[in-house]
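Peer 1: sharing a sequence plus its predicted fold:
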Amino acid sequence: MSEKMKIGVLTGGGDCPGLNAVIRAVVKTAINDYGMEVVGFLDGYEGLIENRYRKLTSNDVSGILTLGGTILGTSNRADPFHFPVLQDDEYIYIDRSSQAVQNFERLGLDVLIAIGGDGTMAASAGMTKKGIQIIGVPKTIDNDLYGTDQTFGFDSAVTTATEAIDKVHSTAQAHHRVMIVEVMGRYAGWLALASGVASGGDIFLIPEIPYEIDVICDKIKTRNRDGRNFSIIVIGEGAKPEGGEMVVKRLIANSPDKIRLGGISNQLAAQIEGITTLETRVTILGHLLRGGTPTAFDRILASRFGSEAVHLAYQRKFGNMVALQGNAISSIPIEQVAGRLRKVEKQNPLLLTAISLGTCLGIENSKILSPSEVTIP
Ligand code: F6P
């Protein structure tokens, strides 16, 4: 083993609180424990493909633990195998993975630490096959990455959503309104479920459980009859009615996953007003959930992930993603993570807690509790 390994690090996909905490842990562990050199690629895989990077020293990462965003920049469009290039006002896609390998080798790197979500892990699985030695670090506010009990960024997003819902709660109460708060999360309901439980919402709607409008309206009417003349609905952006579709806000032409969700809450509000005649207002939290300083939990998780990624690199355990399993940091082959999403499963303990707390999940609770009635995709 070379005395002094040289490692590259990049952040890919949508940003989230804690990215800088991982970069800091990678750089500090690499230098303090192993005397390694570190370079950071700019804007995710784009930087590796275009040979844009900067050397990272201890000084460069000093004071970044609490910063949101990423000092390296990121991109959710830079798939090395399907790289978008604008030609005559249209995107064409070319395979630039060999260019990435060449740049990696020219810099004399031993390993790449790729911090990202499912898109970054899928690209990393492909780059591993092309011979680059990679260690993955799982990030996303959506918490939907397969193979880890939690991604960093999720706790911070849940905290931001919870604060926002708390604020909506008091105005809902004052005005006797139905308030819908829409959170991000793509095709998984983790953010809606966790922030819903944390803020004591009344109705949670998640993509995994298509909702029935009558069940939602019955719950609101029952609350009103019982003297609680306001209701808080927390809805994931990927939620949809039974037999209906998710609401696509826009399509991003040059993104590997072109779909951007958002706006289901407006459709739902109109239906609730129509059926109950109660004033219903919508708040869409959107990118607010990706900003701000990471929570203490995320700073710790990100630091543990970053350090462990360097230890794995030193042990030459390439092709693995660090992961949280229970309270322990472990790892899982990146190829097992790529292309799979972790969704809220039917018997998820937090889902069952929500039911015990009297929360409406958009369908009759008996359908969730009885194993045969609902198939969660
Ligand atoms: O994956 C993180 C996430 O914030 C999702 O929750 C959301 O659907 C998506 O990214 C939004 O992406 P963009 O920043 O490209 O609009």
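Peer 2: That came through, no problem. Residues are numbered from 1 along each chain as shown.
Peer 1: the closest residue to Leu42 other than its chain neighbours: neighbour count?
Peer 2: The shortest distance from Leu42 to any non-neighbouring residue, by CB to CB, 6 or more residues apart in numbering, is to Arg52 (4.4 Å). Heads up, the C-betas are built off the backbone N, CA and C, glycines and all. Residues near Arg52, counting by other CB atoms under 10 Å, number 15.
Peer 1: thought Arg52 was touching Val39?
Peer 2: No - counting by CB atoms under 8 Å, Arg52 does not reach Val39; the two are 10.5 Å apart.
Peer 1: tell me how far the residue sitting furthest away from the middle of the chain lies from Glu364.
Peer 2: Within the chain, the residue lying farthest from the chain centre (CA atoms, centre = their mean) is Arg225, at 38.3 Å. To Glu364, Arg225 is 18 Å away according to CB to CB, to the nearest Å.
Peer 1: and if you look at Leu145?
Peer 2: Look at Leu145 and Glu364: by CB to CB, they are 31 Å apart.
Peer 1: which of those two has more neighbours?
Peer 2: Per other CB under 10 Å, whichever of Leu145 and Glu364 has more neighbours is Leu145, with 25 against 15.
Peer 1: contact partners for that one?
Peer 2: Contact partners of Leu145, counting by CB atoms under 8 Å, 6 or more residues apart in numbering, are Gly117, Asp118, Met121, Pro138, Thr151, Val337, Leu341, Arg342.
Peer 1: filter the residues you listed down to the buried ones, PyMOL style.
Peer 2: In PyMOL syntax, the buried subset of the contacts of Leu145 is picked out as below (16 or more other CB atoms under 10 Å):
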select buried, resi 117+118+121+138+151+337+342
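Peer 1: for the closest residue to the ligand within the chain, phi and psi?
Peer 2: Nearest residue of the chain to the ligand: Met184, at 3.2 Å (CB to the nearest ligand atom). Note on Met184: backbone dihedrals following degrees, to the nearest 10 are phi -70, psi -170.
Peer 1: my read: it touches Leu191, true?
Peer 2: Yes - if you go by CB under 8 Å, Met184 and Leu191 touch, sitting 6.2 Å apart.
Peer 1: common neighbours of these two, please.
Peer 2: Ile141, Asp142, Ala157, Gly236, Leu289.
Peer 1: pLDDT below threshold where in the chain?
Peer 2: 1-3, 371-377 (pLDDT under 70).
Peer 1: sorry, back to before: number of residues surrounding the residue of the chain closest to the ligand?
Peer 2: The number of residues near Met184, taken as other CB under 10 Å, comes to 25.
Peer 1: same deal with Val85?
Peer 2: With other CB under 10 Å as criterion, Val85 counts 11.
Peer 1: report all helices and strands that the helix or strand harbouring it contacts.
Peer 2: Per DSSP states H and E, Val85 falls inside strand 83-87. With contacts taken as 3 or more CB pairs under 8 Å, 6 or more residues apart in numbering; DSSP states H and E, strand 83-87 sits against strand 90-94.
Peer 1: from Gly68, how far off is the nearest residue to Leu289 once chain neighbours are set aside?
Peer 2: Spatially, and ignoring its direct neighbours in sequence, Leu289 is nearest to Ala157 (4.3 Å; CB to CB, 6+ apart). As judged by CB to CB, Ala157 and Gly68 stand 11 Å apart.
Peer 1: cool, Asp149 as well?
Peer 2: From Asp149 to Gly68 the distance is 23 Å (CB to CB).
Peer 1: go on, Ser231?
Peer 2: 32 Å.
Peer 1: more neighbours, the two?
Peer 2: Taking neighbours as other CB under 10 Å, Ser231 and Gly68 compare with Ser231 leading, 26 against 17.
Peer 1: who's in contact with that one?
Peer 2: So Ser231 contacts Ala172, Val178, Met179, Asp202, Ile203, Lys219, Ile220, Arg223 (CB under 8 Å, 6+ apart).
Peer 1: just the ones in strands from the residues you listed, please.
Peer 2: Among the contacts of Ser231, the members falling in strands (DSSP state E) are Val178, Met179, Ile203.
Peer 1: once you drop chain neighbours, what's closest to the second one?
Peer 2: Read it as Met179. Using CB to CB, 6+ apart, the nearest residue to Met179 is Ala172, at 4.1 Å.
Peer 1: what residues does the stretch 201-350 of the chain have near the ligand?
Peer 2: Within the stretch 201-350 of the chain, the residues that sit near the ligand (CB under 6 Å from any ligand atom) are Glu237, Arg260, Leu261, Arg290.
Peer 1: narrow those residues to those that are buried.
Peer 2: Taking 16+ other CB under 10 Å as the criterion, what is buried in those is Glu237, Leu261, Arg290.
Peer 1: would you list the phi and psi of the first one?
Peer 2: Read it as Glu237. According to degrees, to the nearest 10, Glu237 has phi -60, psi -20.
Peer 1: with the second one instead?
Peer 2: Note on Leu261: backbone dihedrals following degrees, to the nearest 10 are phi -90, psi 160.
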